[in-house]
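Output the structure for:
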Amino acid sequence: MSEWAIWGPALLIAGIITAGGVTIHAVLWKRDSRAVISWVGLAWLAPFLGSLAYFLFGINRIQRRADALKDLPRRRRRRRSPELTPDDLNNFVNLTKDHPNLLGMARAGRKISGMPLTPDNQIIPLVNGDEAFPEMLNAINRASSSITLASYIFDSDKIGNTFLDALAKAKERHVTIRVLIDDVGARYSSENMVEKLKKAGITAASFLPTRFPRLPQYANLRNHRKILVVDGHIGFTGGTNIRQSHCITENPAFPTQCLHFKITGPVVRQLQRVFTSDWAFATGETLSEPIWFPEITRTGSVWARGIQDGPDEHFEKLTDMITVALASATERVRIVTPYFLPNHALIQALNVAALRNVKVEIYLPSTNNIKVVHWAATAQLWQLLEKGCQIFYTSDPFDHSKLMLVDNIWSLIGSTNWDPRSLRLNFEFNMECYDDSLADTLNYIIDQKAETAHEVTLEEMNNRSLPRRLRDGLARLLTPYL
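Numbering: from 1, shown residues only. Predicted structure coming up:
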């Protein structure tokens, strides 16, 4: 009897069992019917290889607690946010008189995020690392009790080593420090910053180590958040990684525009809450002492709320919030994002807003650091242009900013891109803000981009050569993986 006669039936049965297992799991747990069809088809058409791919990339292994605060002391839960006074409520009512749509957005935001809307915050935009890094380093250098820092990328370059030195000096002042760097982001440099921090005596950890170190750029389920909290009072968040390329004035090899924010006021507690949840997941250590959560003074006029998003109990919360914002808009929507691969539902929401005579402006980088993403995005633009959305390509250098404005009053700031990786596969942190003065400042920043931007037309998209249209269309098929 030949070997095939022995092993053939066994392999056939094994292939049927593995493909059947993929089918059952995908049908039961995948939310998107197209994803179910894709994975099931791959499992049956590519025996073993398809099932292996599903096992490696199709299963969400992040099993975090439904409520990350359940095991924390009652004291911390009690002091989670300040109580609203009658004056606070009156102030918000006055804010909604001219913008009645804000009331529904605020209610939806609470249901979506589970976090309260906090009053009297100050939020200062910081353009590029040239403005952000000096402010962040100044806060670290003045720290007296605690520092928590989370970053997707923390390069071992000139600016990264400057942060390392500042953290080491803070440790010498007996400041308690915790640093969390995504395992993929830590591999962007030849020297791993997590190891360098540990050698300096600083408590640091990697978030979710990857199984395939040589292919980190293709890994999902990453912690893409950027959070710095100093002494529990001063916070920073946005889209800026700790790397030299964000310092435009120093002429780096690949200059990258970005936007970060300095925050004071009650909402800083929410930044800290998100960090401590991630830290507990990565290390098992619970941070609940008063040095992490002191009493916070009200400082400004912005109403703000943090919104977590990730492939856990916070799945697609930001997508829900964006959809609410687009449905609530009455005058204008402005979006700035480096990667633009919205799903069909978001495209439809943008188009419906434009059909309601809401002015929808979308700003994308003319030069993208990931060409295939630019090609895939280009393949979708006609769907928006034909319904009246306006699309602009901003001038170089590459624009990594993430921003959304609605009706010159509501803004969404943070780490999320408009692509599947950010909206479905990575851990993100954003803030919704209600304040016309902040919106005016952010509009000014967008206006500066608009001055040199190129407006994309439907005719331009239709006149692309057939090879380019085919290239872009084929790239679009990779959207779920980009």
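
Name the next helix or strand downstream of the lengthiest helix in the chain, please.
The residue-count maximum for a helix in the chain (DSSP state H) belongs to helix 3-29. Helices and strands here follow DSSP states H and E; after helix 3-29, the next one along the chain is helix 33-45.

Touching that next one from outside, list them.
18-19, 22-23, 26-27, 30, 50-51, 53-54, 58, 480 (CB atoms under 8 Å, 6 or more residues apart in numbering). C-beta: built from backbone N, CA, C; applies to glycine.

C-alpha coordinates for it, PDB please?
Coordinates of each C-alpha in helix 33-45 appear next as PDB, following Å, rounded to 0.1, in the frame of the first residue of the first chain:
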ATOM      1  CA  SER A  33     -20.700  38.800   7.000                       C
ATOM      2  CA  ARG A  34     -18.100  39.700   4.300                       C
ATOM      3  CA  ALA A  35     -15.400  38.700   6.700                       C
ATOM      4  CA  VAL A  36     -17.200  35.400   7.400                       C
ATOM      5  CA  ILE A  37     -17.400  34.600   3.700                       C
ATOM      6  CA  SER A  38     -13.700  35.600   3.100                       C
ATOM      7  CA  TRP A  39     -12.300  33.500   5.900                       C
ATOM      8  CA  VAL A  40     -14.600  30.500   5.300                       C
ATOM      9  CA  GLY A  41     -13.700  30.600   1.600                       C
ATOM     10  CA  LEU A  42     -10.000  30.800   2.400                       C
ATOM     11  CA  ALA A  43     -10.200  27.900   4.800                       C
ATOM     12  CA  TRP A  44     -11.900  25.600   2.300                       C
ATOM     13  CA  LEU A  45     -10.000  26.700  -0.800                       C
END
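
when you give positions from now on, start the count at 722
Sure, I'll start counting at 722 from here, so that last one is helix 754-766.

Identify each buried residue in it, please.
Of the residues in helix 754-766, those buried under the neighbour-count criterion (16 or more other CB atoms under 10 Å) are V757, S759, W760, V761, L763, A764, W765.

secondary structure class for the spatially closest residue to C1110 that is not a sequence neighbour?
In space, and not counting its chain neighbours, C1110 is closest to V1081: 4.3 Å by CB to CB, 6 or more residues apart in numbering. With DSSP: H, G, I helix; E, B strand; the rest coil as the basis, V1081 sits in strand.

so who does V1081 touch?
Contact analysis of V1081 by CB under 8 Å, 6+ apart lists R1053, V1054, I1056, L1071, A1074, A1075, L1105, G1109, C1110, Q1111.

Double-check the second one against A1048; I have them as touching.
No: because the distance of 10.7 Å does not satisfy CB atoms under 8 Å, V1054 is recorded as not touching A1048.

Neighbour count for the two, which is higher?
Neighbour comparison, V1054 and A1048: the larger count goes to V1054, with 25 against 15 (by other CB atoms under 10 Å).

What strand or helix carries that one?
Secondary structure assignment for V1054, by DSSP H and E: strand 1053-1057.

in the helix or strand just after that strand, what's buried?
Once strand 1053-1057 ends, the next helix or strand along the chain (criterion: DSSP H and E) is helix 1065-1076. Burial within helix 1065-1076, assessed by neighbour count using 16+ other CB under 10 Å, is assigned to L1067, A1070, L1071, N1072, A1074, A1075.

tell me the domain ranges of the protein?
724-779, 795-813+839-1027, 1038-1202 (automatic domain parsing).

if we can go back for a sec, who are the packing partners of the longest helix of the chain?
Contacting helix 724-750 under the criterion 3 or more CB pairs under 8 Å, 6 or more residues apart in numbering; DSSP states H and E are the following elements: helix 754-766, helix 770-774.

ok, back up a step: dump the contacts of V1081 to JSON lines, plus pLDDT.
Below are the contacts of V1081 laid out as JSON lines (pLDDT from 0 to 100):
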{"residue": "R1053", "pLDDT": "98"}
{"residue": "V1054", "pLDDT": "98"}
{"residue": "I1056", "pLDDT": "98"}
{"residue": "L1071", "pLDDT": "98"}
{"residue": "A1074", "pLDDT": "98"}
{"residue": "A1075", "pLDDT": "98"}
{"residue": "L1105", "pLDDT": "97"}
{"residue": "G1109", "pLDDT": "97"}
{"residue": "C1110", "pLDDT": "98"}
{"residue": "Q1111", "pLDDT": "98"}
